[in-house]
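*Asks:* need the 3D shape of this:
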Amino acid sequence: MISTFLVIIFGIVFTAIAQFPLKTREIGVLWTGLFVHIIATFALVWITRDYYGYGDMLTFFRVGSNIADYAVQDSANFFKLLKIALTLEADLPFEIAHRADSTGAITAIAAMLIIIFGKSIHTISLIFSLIAFSGNYAIYLVFRQVFPKAYRLRLMVVCLLFPSAVFWTSGILKESIAVCGLGWLFYGAYRWVNKRYLVAIPFILFGALLVGISKAYILFPFSLAFGSWLFWRKAMVKEASFLSKPIYIIIGILVAVGGIVGLGILFPRYAPDQIIQSTMTLQGYGTRIQGGSSYQLIDPMDKSLSGQILGTPLALISSLFRPFFFEVHNFLSAINSSETSALLLCLLITFYKRGPREILKLIASSPTLIFCLIFVISFGTGVGLATTNLGTLSRYRIPMMPFYGALIVTLLPLLGPGSNRA
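*Replies:* Numbers count the residues shown, from 1 in each chain. Next up, the predicted model:
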């Protein structure tokens, strides 16, 4: 109980420091975000442990507790724990499922925190929740710099108060670490684009490490989006000559393609020559585990590349807009449906008010919106193809939601006079 209280105090101190660059109305949203994350943590623990009685969070905590007990017996065991946290093989006297991948890494991180703070699932879950909260705050810091002031409150809401994103990052889950890593990676990339290289490098390395040990596949669409962002930023410089713009295209392509190839070497499972097979394997798992939220976009018997390609439009639509209101069957799916329905409504209003031509013009005028668009399309398509359950889909798409939300709310016309985007 004391450790839980101390973690909450730490969250309050972090928020008090984080509010310094913000204005009054932003500060209110920031503190609301903190308290919503705290409430969501207790809610997620109750739902997972006391209502359902099972879930990934309970497994991470239980196995993490066992590893923590083993680690404190001998100082040499801490090095094994660190290796597992880095998704490396380590000899243990007991079996851990998927010890050399993201599952093992999250379990090891939970074990480290248990050693420090004790065996309280509320305390460890709160730490994971605050970690994710910091990542979403980092994403907002970038949006705050590049978009007009009139959009700040909208952007804060999609970054810090998106219900499903808050819920699924408020516990001992991979999404919590991944969102933190993605947020600070994005912040570092923004600093890099603005030639603040010495500031950017630590954030990029820290963010990439967290994403790599939790959900490495996020790095692939991020690399593609970052290459596009870098090119667009350079190509839009007014002083750039016509002849220099092809150079920026080449640089952007090299960053995107080089990043994907390099990541494929580091994470062979997600390499371009393996990703189709990995996707079909996940689809195969889905066909064997059926439930009220299960769905199929592609014939499970179709193992061809063309079949996967034909399924990409439906996969993207699923990631962006499902579950639809007629697919609701419980409370959680109702919340997810209300979110996607609200985003769909905002998108329809945007198309009605602005029209496709103006929307494309606005996106093309903003390198940051280009990043959001490329990341959402590539990430959303991949998740949509690999997922065959609406509940799982709502959880797996969490890393893309701040960028998806930002894309929509910055294109949605303001009620009053606005200003040009940066």
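*Asks:* where does pLDDT dip in the stretch 151-300 of the chain?
*Replies:* Within the stretch 151-300 of the chain, the segments meeting pLDDT under 70 span 236-300.
*Asks:* which residues of it fall in helices?
*Replies:* Assigned by DSSP state H, counting those that start in this stretch, the stretch 151-300 of the chain shows helices spanning 152-160, 163-167, 174-193, 197-214, 219-235, 245-266, 272-288.
*Asks:* for the host helix or strand of Ile116, packing partners?
*Replies:* Assigning secondary structure by DSSP states H and E places Ile116 in helix 102-117. Helix 102-117 makes packing contacts with helix 56-71, helix 76-85, helix 121-146, helix 174-193, helix 197-214 when contacts are defined by 3 or more Cβ pairs under 8 Å, 6 or more residues apart in numbering; DSSP states H and E. Backbone N, C-alpha and C define where each C-beta goes, glycine included.
*Asks:* possible to save the ones you listed as JSON lines with distance to Phe226?
*Replies:* Shown next, in JSON lines, are those (distance: least, Cβ to Cβ, whole Å):
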{"stretch": "helix 56-71", "distance to Phe226": "29"}
{"stretch": "helix 76-85", "distance to Phe226": "26"}
{"stretch": "helix 121-146", "distance to Phe226": "12"}
{"stretch": "helix 174-193", "distance to Phe226": "5"}
{"stretch": "helix 197-214", "distance to Phe226": "10"}
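*Asks:* now stretch 24-42: how far from the chain's centre is it?
*Replies:* Between the centre of stretch 24-42 and the centre of its host chain there is 19 Å, according to Cα atoms, centre = their mean, to the nearest Å.
*Asks:* alpha carbons of that stretch, as CSV, please.
*Replies:* Presented in CSV, the C-alpha positions along stretch 24-42 are these (Å, rounded to 0.1, in the frame of the first residue of the first chain):
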residue,chain,number,x,y,z
THR,A,24,-3.6,27.1,-18.1
ARG,A,25,-6.1,25.1,-20.1
GLU,A,26,-3.5,22.6,-21.2
ILE,A,27,-2.5,22.0,-17.6
GLY,A,28,-6.0,21.1,-16.7
VAL,A,29,-6.1,18.4,-19.4
LEU,A,30,-2.6,17.1,-18.3
TRP,A,31,-3.7,16.6,-14.7
THR,A,32,-6.9,15.0,-15.9
GLY,A,33,-4.8,12.6,-18.0
LEU,A,34,-2.8,11.6,-14.9
PHE,A,35,-5.8,10.9,-12.8
VAL,A,36,-7.6,9.0,-15.6
HIS,A,37,-4.5,6.8,-15.9
ILE,A,38,-4.5,6.1,-12.2
ILE,A,39,-8.2,5.3,-12.2
ALA,A,40,-7.8,3.1,-15.3
THR,A,41,-5.0,1.2,-13.6
PHE,A,42,-7.2,0.2,-10.6
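*Asks:* which residues are contacting it?
*Replies:* Contacts to stretch 24-42, defined as Cβ atoms under 8 Å, 6 or more residues apart in numbering, come from residues 8, 11-12, 15, 18-19, 22, 122, 125-126, 129-130, 132-133, 136-137, 152-153, 156-157, 160-161, 166-167, 169-171.
*Asks:* now these: which count as buried?
*Replies:* Those of the contacts of stretch 24-42 that meet the buried threshold are 8, 11, 15, 18-19, 22, 122, 125-126, 129-130, 132-133, 136-137, 152, 156-157, 160-161, 166-167, 169-171, by 16 or more other Cβ atoms under 10 Å.
*Asks:* list the buried residues in the helix holding Ile116.
*Replies:* So for helix 102-117, counting by 16+ other Cβ under 10 Å, buried means 102-115, 117.
*Asks:* which one of those residues is nearest to Arg233?
*Replies:* Lowest distance from Arg233 to the buried residues of helix 102-117 (Cβ to Cβ) belongs to Ser102, with 31.5 Å.
*Asks:* against Gly382, how distant is that closest one?
*Replies:* 16 Å (Cβ to Cβ, to the nearest Å).
*Asks:* try Ile124
*Replies:* Noted for Ile124: a distance of 30 Å to Gly382, by Cβ to Cβ.
*Asks:* next one: phi and psi at Ser170?
*Replies:* Ser170 adopts backbone torsions of phi -110, psi 30, taken as degrees, to the nearest 10.
*Asks:* that one contacts Ile124, correct?
*Replies:* No. Judged on Cβ atoms under 8 Å, Ser170 makes no contact with Ile124 at a distance of 11.6 Å.
*Asks:* not counting residues beside it along the chain, what's closest to Leu343?
*Replies:* Nearest residue to Leu343, sequence neighbours excluded (Cβ to Cβ, 6 or more residues apart in numbering): Ile408, at 5.8 Å.
*Asks:* that neighbour: what's it in contact with?
*Replies:* Counting by Cβ under 8 Å, 6+ apart, Ile408 has contacts Val158, Leu343, Cys346, Leu347, Thr350.
*Asks:* mind redoing it with 7 Å?
*Replies:* Listed by Cβ atoms under 7 Å, 6 or more residues apart in numbering, the contact set of Ile408 reads Leu343, Cys346, Leu347, Thr350.
*Asks:* so which of these are in helices?
*Replies:* Using DSSP state H, the members of the contacts of Ile408 that fall within helices are Leu343, Cys346, Leu347, Thr350.
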